[in-house]
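Undergrad: what's the 3D shape of this:
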Amino acid sequence: MGVSKQAIKRRIRSIEATKKITQAMEMIAISKFQKQKVVLDKNKAYSDTILDVAYHVLQAAEDKDSIWLKPQADTNPLVIVLTSDLGLCGAYNANVLKYFNDEPQAGAYLVIGTKGYSWFTYRNYELVNHNRILSDDLTFKAIDDAMLDVLRRYAQGKVTSVHVVYTKFINSINFEATQTQILPFQPQRVETHTNYIDTIFEPNAHTILEQLIPMSVVSMVYRLYLEAKTSEQASRRIAMENATENAEELVEELTLKYNQSRQAEITQEISEIIAGADAL
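TA: Numbering: from 1, shown residues only. Take a look at the predicted model:
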């Protein structure tokens, strides 16, 4: 067997081993995606309800002069960035980080996910969190704890607005990096089955809003986090599926080259035998 054929066979074996790995990672990503999608769907009912309640309480409030609602000159924004801990998820992180430049921009940043934390640290951005916050299996309690400092900064006027850059989940094959503002709070009506006719607010709507808006903001951030994680698993599934298909194509091409090389060698041997026979 010629050296070239040996090299081709070694490469085929290597690619087939890689294909087994990508297939396994694809199956894991599918399983994680399905679990994450269930959590997202369950959270949607709670998230929509609390936002709808905030909207209706605000409509009933006579005094709407709240620090959470009042727009101000956006001189010191705070941006919450949701990225992943691991790679091999296509352009998931790159699409989020495209919102930022290599040169540090004004404002502060709360970065969740190892990939984003490393990117911002390397470029000397001002980070609110001085330690890495892992994005995998982040609980509502962890989000609530992280948001306590953000809400305190906003209430003290150290932060003039709060934004979230995340990957919005549309469906299992469509998701896009998006930026949304969560403070100042801008409640929108959400269609739910809750009936608010003749609702009495105790002690009053304004006092309820002062407690309800921070709860709504934390709920929104957790909802966006779930969307980002669901998008991450969907992106990883697609990336591993594409890698598996590319590996199969490479194996087919190399197998064809191997067979051509083998056929050429056989043809040459036959030609030499015939030439030897003719010489006799």
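Undergrad: next one: the longest helix seen in the chain to chain centre, how far?
TA: Looking across the chain with DSSP state H, the single longest helix is helix 205-279. Taking the mean of its C-alpha atoms, helix 205-279 sits 18 Å from the chain's own mean (CA atoms, centre = their mean, to the nearest Å).
Undergrad: and it, what other elements does it pack with?
TA: Where contact means 3 or more CB pairs under 8 Å, 6 or more residues apart in numbering; DSSP states H and E, helix 205-279 is packed against helix 3-60, strand 77-82, helix 92-97, helix 140-155, strand 161-169, strand 175-183. Every C-beta, even on glycine, is put in place using the N, C-alpha and C of the backbone.
Undergrad: that helix to helix 140-155, inter-axis angle?
TA: Between helix 205-279 and helix 140-155, the angle comes out at 120 degrees (axes from the mean of the first three to the mean of the last three CA atoms, to 10 degrees).
Undergrad: tilt between helix 205-279 and strand 175-183?
TA: Going by the same axes, to 10 degrees, helix 205-279 makes 160 degrees with strand 175-183.
Undergrad: picking that back up, format the helices and strands packed on helix 205-279 as a markdown table; extra columns: mean neighbour count and distance to residue 251.
TA: Shown next, in a markdown table, are these (neighbours: other CB atoms under 10 Å; distance: least, CB to CB, whole Å):
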| stretch | mean neighbour count | distance to residue 251 |
| --- | --- | --- |
| helix 3-60 | 15 | 5 |
| strand 77-82 | 22 | 37 |
| helix 92-97 | 20 | 27 |
| helix 140-155 | 16 | 44 |
| strand 161-169 | 22 | 32 |
| strand 175-183 | 17 | 30 |
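Undergrad: mind putting these into TSV with mean pLDDT?
TA: TSV is the format used below for the helices and strands packed on helix 205-279 (pLDDT from 0 to 100):
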stretch	mean pLDDT
helix 3-60	90
strand 77-82	95
helix 92-97	94
helix 140-155	92
strand 161-169	95
strand 175-183	93
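Undergrad: so which of the ones you listed comes closest to residue 233?
TA: helix 3-60 (3.8 Å; CB to CB).
Undergrad: run a quick neighbour tally on the residue lying closest to residue 33 once chain neighbours are set aside.
TA: Nearest residue to residue 33, sequence neighbours excluded (CB to CB, 6 or more residues apart in numbering): residue 233, at 3.8 Å. Neighbourhood size, residue 233 [other CB atoms under 10 Å]: 24.
Undergrad: so residue 233 makes contact with residue 39?
TA: No - using CB atoms under 8 Å, residue 233 is not in contact with residue 39; the gap is 11.1 Å.
Undergrad: looking at the helices and strands packed on helix 205-279, which is closest to residue 265?
TA: Closest among these, once you apply CB to CB, is helix 3-60, at 7.6 Å.
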